[in-house]
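Asks: fold the stuff below for me.
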Amino acid sequence: MSLRITLLLSILLIITSCEEKVDQAWVTVNKPGPNPETVEGQVDTVDIYVYKDSYEYLDRDLSLEQLTDEFIKLDESKTLNIKVSTDADHDRLVLLLDRMNKAGLSKFNLHTLKDDSKPISKSE
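Replies: Numbering: from 1, shown residues only. As a prediction, this is how the structure comes out:
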C-alpha cells in the first residue's frame, strides 16, 4: 500500500514540476474607434431636459407631442442626454422614453440635475 502511495506521489510530483508557470497573462482589448462617418465638429449628442411641468429641447419648452415630432427628425445614430429634474414625476420620463423608442432612438444617457433650476440658455 505504501508503495502505491509513494508511486502516486512521485507521479504527481513529476507532473506538477513539468508544468510551465505563467506569472502574467496578457489580454488584448480592441476598443472601438471614433465613428468614421462623423464629421468633425458635428454634434453626436442632443440634450433634453425633463422638468416638473415641461420638456426642454434646443432652448425651447415643448410639449410631449412637439418633442415626438422632433424625435422623428433626428438621426437614429444620435445619442440623447436626458437630464431629469429631481422634482419631475417619473411618469414624464417613462412617456419620453416610450416616444423615443417609437421614433427608433435607442441610445441615451440619463442624468439627474443637481438642482431644479433651468439652465441659462445660450441665447441669453
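
Asks: after the helix-or-strand element of the chain with minimal mean pLDDT comes which helix or strand?
Replies: Lowest by mean pLDDT, DSSP states H and E among the helices and strands of the chain is helix 2-18, with a mean of 80. As assigned by DSSP states H and E, the chain's next helix or strand after helix 2-18 is strand 45-50.

Asks: buried residues in stretch 101-118, which are they?
Replies: Going by neighbour count (16 or more other Cβ atoms under 10 Å), the buried part of stretch 101-118 is Ala103, Leu105, Phe108, Leu113. Glycine gets a C-beta too; all of them are placed from N, C-alpha and C.

Asks: let me have those in JSON lines, adding secondary structure as columns.
Replies: Below are the buried residues of stretch 101-118 laid out as JSON lines (DSSP: H, G, I helix; E, B strand; the rest coil):
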{"residue": "Ala103", "secondary structure": "coil"}
{"residue": "Leu105", "secondary structure": "coil"}
{"residue": "Phe108", "secondary structure": "strand"}
{"residue": "Leu113", "secondary structure": "coil"}
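
Asks: now the residues you listed as CSV including distance to Ile14 and pLDDT?
Replies: Output for the buried residues of stretch 101-118, formatted as CSV (distance: Cβ to Cβ, whole Å; pLDDT from 0 to 100):
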residue, distance to Ile14, pLDDT
Ala103, 67, 90
Leu105, 63, 89
Phe108, 60, 88
Leu113, 67, 87
